[in-house]
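K.L.:
Structural data only, the sequence is not supplied:
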């Protein structure tokens, strides 16, 4: 029997997107967002939604660029800090001791110590209500080379990405392998 | 040292969104999508991106409604099957043995056996390229009442949601609790 929870913003999982941008004076800022995801395969796009009250919102509107840095488990407290304070009140890079690295492909900074980075140029801005959705075309993806496996792909055991659980306001690790996509369902597909 | 992987659609994690819709004749269809996420808090919105070649795309364009059913680990093969075949070729509910339940709030069906459902009415359609992004206002969220904990929230150990890893084409479980959001970073926030 299903129970109604009402019109709530719950989905499992949501990502932990650390969004980097520059303000008008060229100061680097970061915030954390869970409302977003990949939005298109060709051109490769990601979308992330920010409230207009954030300083990152103004930065991205002006610079038309942002980065997404993904924290490892070891960086969970720093990522959480990015969501607690405003860039208007604190220099978040300075306080966290992390390094703002200028992207070589878009006009935005990323977190040097975080292992995985997506660099985006804004191609669409959608006003949805409290949140503005920025669609960024992915110009490059960068990863710490120590995290690459022998097959050239990211080794998840070394990356140790985290995810966000909205209704629990909690960060979780990524769990065990369940199965191969486009493979697990093949038996079913064959018995039409 | 960071290594460039090029302009790829990789993010960790992405969700496993089983999208339900009706065609013109009222036949229920489902497909699976990983390109999407929560898009706005007020009104509560979720976005999901589909290729125009899919029959779900045409259904949602016409009916202006869709549902998202989240599979548990136990349903991974069925969810994967939904992404392998087209609704034009197979009646996916019939083949999978799952039940299409008519939503009581939007003009779309959901998967009765899946534990968690988000019911959406389309409020915006964005053509991004290969994918069309549908933004749906969340009208209700429904969950199997057996999965609710004593605190009225979803018990994640019972829900056992899965996630998708794009560059590995793999499904994974949700892992262990890492920390509380808006809490872990408080120590940092205090030392400005």
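P.N.:
Structure received. Computed from a predicted structure; not experimentally measured. Numbers count the residues shown, from 1 in each chain, chains lettered A, B, ... in the order given.

K.L.:
Taking strand B:131-144 as reference, get the angle to the longest strand that chain A contains.
P.N.:
Using DSSP state E to define each element, chain A has its longest strand at strand A:131-144. Counting by axes from the mean of the first three to the mean of the last three C-alpha atoms, to 10 degrees, strand A:131-144 lies at 100 degrees to strand B:131-144.

K.L.:
And the pLDDT at the spatially closest residue to residue A:181 that is not a sequence neighbour?
P.N.:
Nearest residue to residue A:181 in three dimensions, chain neighbours excluded: residue B:169, at 4.4 Å (C-beta to C-beta, 6 or more residues apart in numbering or on different chains). (C-beta placed from N, C-alpha, C; glycine too.) Per-residue confidence (pLDDT) for residue B:169: 97.

K.L.:
Mind listing what's buried along the helix or strand bottoming out on mean pLDDT in chain A?
P.N.:
Within chain A, no helix or strand scores below helix A:186-190, which has a mean of 88 by mean pLDDT, DSSP states H and E. Neighbour-count burial for helix A:186-190, counted by 16 or more other C-beta atoms under 10 Å in any protein chain shown, picks out A:188-189.

K.L.:
which secondary structure elements does it contact?
P.N.:
Counting contacts by 3 or more C-beta pairs under 8 Å, 6 or more residues apart in numbering or on different chains; DSSP states H and E, helix A:186-190 is packed against helix B:76-84, helix B:92-96.

K.L.:
just to revisit the earlier point, I'd like to know the average pLDDT value across the longest strand of chain A.
P.N.:
98.

K.L.:
Check the offset of the next helix or strand after that strand from the chain's centre.
P.N.:
Per DSSP states H and E, strand A:131-144 leads on to helix A:156-159 as the next helix or strand towards the C-terminus. Relative to the centre of its chain, helix A:156-159 is centred 17 Å away, using C-alpha atoms, centre = their mean, to the nearest Å.

K.L.:
near chain B, anything from helix A:156-159?
P.N.:
Yes: applying C-beta under 8 Å from any C-beta of the partner chain, one finds helix A:156-159 touching chain B at A:156, A:159.

K.L.:
near chain B at all, the longest strand of chain A?
P.N.:
Yes: shown here: strand A:131-144 in contact with chain B (C-beta under 8 Å from any C-beta) through A:131, A:133, A:135, A:137-144.

K.L.:
Can you lay out those residues as TSV showing distance to residue B:114 and neighbour count?
P.N.:
What follows is the residues of strand A:131-144 next to chain B, written out as TSV (distance: C-beta to C-beta, whole Å; neighbours: other C-beta atoms under 10 Å in any protein chain shown):
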residue	distance to residue B:114	neighbour count
A:131	27	26
A:133	26	25
A:135	29	22
A:137	33	21
A:138	30	25
A:139	36	19
A:140	36	20
A:141	31	23
A:142	36	23
A:143	33	20
A:144	36	19
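
K.L.:
Using a markdown table, lay out these together with distance to residue B:162.
P.N.:
A markdown table is the format used below for the residues of strand A:131-144 next to chain B (distance: C-beta to C-beta, whole Å):
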| residue | distance to residue B:162 |
| --- | --- |
| A:131 | 26 |
| A:133 | 25 |
| A:135 | 26 |
| A:137 | 28 |
| A:138 | 24 |
| A:139 | 30 |
| A:140 | 29 |
| A:141 | 23 |
| A:142 | 27 |
| A:143 | 23 |
| A:144 | 26 |
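
K.L.:
that older thread, contacting residues around the residue nearest to residue A:181?
P.N.:
Counting by C-beta atoms under 8 Å, 6 or more residues apart in numbering or on different chains, residue B:169 touches A:180-182.

K.L.:
now, which of those residues sits nearest residue A:8?
P.N.:
residue A:181 (28.0 Å; C-beta to C-beta).

K.L.:
quick one, phi/psi of residue A:183?
P.N.:
phi -140, psi -50 (degrees, to the nearest 10).

K.L.:
State the distance from it to residue B:76.
P.N.:
11 Å (C-beta to C-beta, to the nearest Å).

K.L.:
who's more crowded, those two?
P.N.:
Higher neighbour count among residue A:183 and residue B:76: residue B:76, with 22 against 14, using other C-beta atoms under 10 Å in any protein chain shown.

K.L.:
The more buried one touches residue A:177, doesn't it?
P.N.:
No: taking contacts as C-beta atoms under 8 Å, residue B:76 lies outside contact range of residue A:177: 10.7 Å.

K.L.:
Alright, that wraps it up for me.
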